[in-house]
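Chemist: got a predicted model here, sequence first, then my questions.
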Amino acid sequence: MNWDVVVENLRLYAQGAGLTIWLTLLSLSAAFLLALPLAFLRNSRSRFLRRSVIAYTTVFRGTPLLVQLFLVYFGLAQFELLRGSFLWPWLSSPLVCALLVFVLNSGAYTTEIFAGGLRTIPKGEIEAAQAYGFTPLRAALRIFIPGMLSRSLPLYGNEMIMLMHATSLASTVTLMEITGVARNITLNYYIQLEPYVAAALIYLALTAILVAAVQLAERRFANFLRLDH
Amino acid sequence: MLRLKLVFALSLLAAPALAAPLNIATDATFPPFESIDANGKLVGYDIELMEAVCKAAELECNIANAAWDGMIPGLIDGKYDALISQLTVTDKRRRVIAFSDIYSHPTFRFVAKKDAALHISPEGLAGKTIAVQTGTPMDAYVTAHYKQSTIKRYDTGSAPYLELTGGRADVHISYQAQIVHSFLKSESGKDYELVGPELTGKDAPEFGEGVAIAIGKRNTELVEKVNAGLAKIREDGTLDALNQQYFGQ
Amino acid sequence: MFAAFAWTILAAGSLTLLLALGALVLASVLGLALAYGKLSRRRWLMRLVQGFTFVIRGIPDLVLMLLVFYSLPAAINQFLEWTGSDLWVEFPPFWAGMFTLGVIFSAYMCETFKSALQNIPRGQLEAAQAFGLHPRRIFWRITLPQLARLALPGFTNNWLVLVKATALVSLLGLQDVMFRAKGAAEATGQPFTYYLIAGGFYLAATLVSTFALLALARRLEQTNQAGRT
């Protein structure tokens, strides 16, 4: 067995885990902020707005993340116009490309989850808000968003885990997160059991923490939904 | 050695096929040595060379594409019988796998944009970005000597060129023959040129002794057979003809 | 040139779809067995299945693929060598890819089938038992049709995720749509063009599947209602 190789490279794994966590948290927050308004537009009365959001979520949910990542990272470099533009210093960074793709991808899933949550808010709650003379903003902040979030929590928790796992693809665009570290070790030490097992164990631990956090949040914020039934 | 073909892990099908063709892996992202053409077929110098060796040594060979990161470990674990992929012979690799006789002595070069005016030295490339394929001699060389540069590593032999033309990397280092006979010839390579000194194993140990076919360490019988095949195609002019066909030398 | 490369990419669609369909069959059969295991009254069996699904769902697909594709054969052969056996296990890449995807998605199918099994009306099964129907007949005539109807939405979703997940085998050297697109992108220096073609293929595949399975769901719903009246 070659576990000493893993032990020797523990520092690299720790750095990789740091990048994974950082990528996950940043993409997660940005995708959340993107999905919040889009979920409302997804249920909008305007057919144009509704269809635009549907087009976005369909394309991003209908193609593999790997394709999206390569399309943005390698693909955009094909256009000379873009390479000369002020955007290039940002777009040429693998970190920016990966974040952009993770946010757009997770944003599409999150939008659909939140939009589904919105549709399940009982009519009575909405009517009550109107009866109290809530302004639209106040109704959104007090009724719609809390109702939507608490109802979406189980599915959204799942999406958070999916996103963390999705960050493993960042290794394909030169970012050294956990998977990247493991692949690099196999290439330099010619072993392929221990490095991947070590990576899997780290992901498993991170997933367990995330699952526990989501369950805690569910108990705290969505308990009233269980009493409904 | 008894071989099992595992179709589904559930149904361990014991098929002691002793005459099974040899599994030979190649990383087909390295034109003109090994690549997949527009019809999805494996083509290139190494592919033709391996086929000629197999024919000369009367071996039944099945050359298939594999991902670079799984190749050497796959050979060690017995997944493959041999590898042909412009593999350089280095001490580090000799410790874990065996090699046939060396069949070519490559030269390594940097490649950059024509007007880049880069001075190829650790100081000249300080702060610049070098693109390489991970786990190659070129990777080992720049990692050891170009400590002030940013090194970007890719899992295929072709991706670094996309990074070069995309402006994400300043220089790329690879086999001179690959740069000249694949990239510089192509439409996207027209603004690029070879830069810096010609490097070989004499300049740095990382570049190894030369290029050979890799074979499992315990499989001495196959090493002998492949060497006999190599000797034969060297004698009958097949190797010269291949060199002429691909590199005009 | 463009036509030739575009054609090779799309031609590899047969490998992608074959891989996905094979994995789907394996995942469904294995998933159903796991679902029964998870609902089993035998505690150790339930715990075992629970552990299995947690591990599979706690590790990114890419890492799992690397593990099953590279680490598992290495581990088996190292073990065989250690026992002094002369056996050598060989995994042909296509089958290994299919097996890997099948095992991963069996964990997702398990969850889908489990909740569907739980939602089959008790009364129907009890009535069938009261009629003295053979258990095998009950499975084919009562359980399976109900299961198909109840599990279809989840099943559809798993299939869509599976189709997209096949793109990961390109990183293992299998020549699927994504691999060919990568090859074309690197050979021509036009990554955007060819990754877009690959993206189009996956989008078409997921859209066609969505509509086909929706139509199926509608039919199952109709026959079910017709049977009730």
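Modeler: Noted; the coordinates are in hand. Numbers count the residues shown, from 1 in each chain, chains lettered A, B, ... in the order given.

Chemist: any weak-confidence spans in chain B?
Modeler: Applying pLDDT under 70 to chain B picks out residues B:1-19.

Chemist: enumerate every residue touching the nearest residue to B:Ile213 once chain neighbours are set aside.
Modeler: Closest residue in space to B:Ile213, ignoring its immediate chain neighbours: B:Ser100 at 4.1 Å, by C-beta to C-beta, 6 or more residues apart in numbering or on different chains. Any C-beta I mention is one placed from the backbone N, CA and C, and that applies to glycine too. Counting by C-beta atoms under 8 Å, 6 or more residues apart in numbering or on different chains, B:Ser100 touches B:Ala212, B:Ile213, B:Ala214, B:Ile215, B:Val223, B:Val226, B:Asn227, B:Leu230.

Chemist: quick one: which of the residues you listed sit in helices?
Modeler: B:Val223, B:Val226, B:Asn227, B:Leu230 (DSSP state H).

Chemist: correct me, but B:Lys225 touches B:Glu60?
Modeler: No: contact criterion C-beta atoms under 8 Å: B:Lys225 and B:Glu60 do not qualify, at 11.6 Å.

Chemist: of those two, which one has the most company?
Modeler: The residue with more neighbours, out of B:Lys225 and B:Glu60, is B:Lys225; 20 against 10, by other C-beta atoms under 10 Å in any protein chain shown.

Chemist: for the more buried one, give me its contacts.
Modeler: B:Ala57, B:Leu59.

Chemist: any figure for the gap between it and chain A?
Modeler: Distance of B:Lys225 to chain A, computed by C-beta to the nearest C-beta, to the nearest Å: 24 Å.

Chemist: could you do B:Ile84 as well?
Modeler: Here the criterion is C-beta to the nearest C-beta. By it, B:Ile84 lies 17 Å from chain A.

Chemist: that residue looks like it's in a strand, true?
Modeler: Yes: B:Ile84: assigned to a strand according to DSSP: H, G, I helix; E, B strand; the rest coil.

Chemist: excluding residues flanking it in the chain, which one is nearest the residue of chain B found nearest chain A?
Modeler: Proximity to chain A, evaluated over chain B using C-beta to the nearest C-beta, is greatest for B:Gly166 at 2.9 Å. In this structure, B:Gly166 finds its nearest non-sequential neighbour in A:Ala77, 2.9 Å apart by C-beta to C-beta, 6+ apart.

Chemist: how about the strands in chain C?
Modeler: Using DSSP state E, the strands of chain C run over C:89-90.

Chemist: neighbours of the closest residue to A:Val96 other than its chain neighbours, how many?
Modeler: Leaving aside its chain neighbours, A:Val96 sits nearest to A:Trp90 (4.9 Å; criterion: C-beta to C-beta, 6+ apart). A:Trp90 is flanked by 12 other residues according to other C-beta under 10 Å.

Chemist: same deal with C:Met109?
Modeler: For C:Met109, the neighbour count with other C-beta under 10 Å is 29.

Chemist: how far away is it from chain B?
Modeler: In terms of C-beta to the nearest C-beta, C:Met109 sits 16 Å off from chain B.
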